[in-house]
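Colleague: Only the shape, not the letters, is given here:
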């Protein structure tokens, strides 16, 4: 009887005595053995002996979409120092880019542009398939929604790019660089070096509200759980400001330092 003709439970037991090198060599014997040896069940015991394979102590697999054989191979290569450092993209050392991954597309700011690269086998292609431009200075920050790419630059402008039609809307209000942005449900919040946080909407270039603060605004965020009003968080040097902004016609604004 040939090895691949054994009952599966017997074959599993035989393979449990092999280390990762022997399993890898065995998988090269024939297609039927290759198909069986590549099963995650065969590699689960081996994977527990390596770091960062995604198998927890209780046996839970936190990366079920990645074959265990590949994870063991990568873990062993890093342990042995058999690895290659790839540099798919380069930019000037004095330029700090902003990047965001959306599915298989990597958005990366480079100077005054934002370039979109498709990923193949986990690496971006050499040339971008889309370039978002319009700023007169470096892009400081950008955020993605399902329909738009919103960017803030050192020129004080906010550009709202439609990802479907390609149209661009400019929001003018800050007189210094826009350090941070966030967007949710058609609302945009921006923070700037001019010591203000400003509120906009996706369907209008008119400013909705201005929130004066006491220092440069480095980070803002919209609370994703609230619908009747938006909770804005603005981080300035040494202080966390929580702003509750009500969007009703006769609404109010409450600023609370935390």
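Modeller: Arrived safely, thanks for sending. Keep in mind that this is a model prediction, so the values were computed, not measured.
Colleague: quick one: contacts for residue 26?
Modeller: Residue 26 makes contact with 15, 18, 33, 37, according to C-beta atoms under 8 Å, 6 or more residues apart in numbering. Every residue, glycine included, has its C-beta placed from N, CA and C.
Colleague: Can you check what pLDDT the model gives it?
Modeller: You'll see residue 26 listed with a pLDDT of 86.
Colleague: Out of the contacts of residue 26, which two sit at the greatest distance?
Modeller: The most widely separated members of the contacts of residue 26, counting by C-beta to C-beta, are 18 and 33 (12.0 Å).
Colleague: and the residue nearest to residue 46 when sequence neighbours are not counted, what are its phi and psi?
Modeller: Spatial nearest neighbour of residue 46, excluding adjacent residues (C-beta to C-beta, 6 or more residues apart in numbering): residue 20 at 5.0 Å. Backbone torsions for residue 20, taken as degrees, to the nearest 10, come to phi -70, psi -30.
Colleague: Give me the distance between the two termini of stretch 31-44.
Modeller: The stretch stretch 31-44 measures 21 Å between its terminal residues, going by C-alpha to C-alpha, to the nearest Å.
Colleague: can you list contacts of it?
Modeller: Against stretch 31-44 from outside (C-beta under 8 Å, 6+ apart): 3-4, 8, 11-12, 15, 20, 23, 26-28, 55, 59, 61, 64, 67-69, 72.
Colleague: What subset of those residues is buried?
Modeller: Among the contacts of stretch 31-44, the ones that count as buried by 16 or more other C-beta atoms under 10 Å are 11, 15, 20, 23, 26, 27, 55, 61, 68, 69, 72.
Colleague: Which members of these define the maximum pairwise distance?
Modeller: Distance extremes for the buried ones among the contacts of stretch 31-44: the farthest pair is 26 and 61 at 22.5 Å, using C-beta to C-beta.
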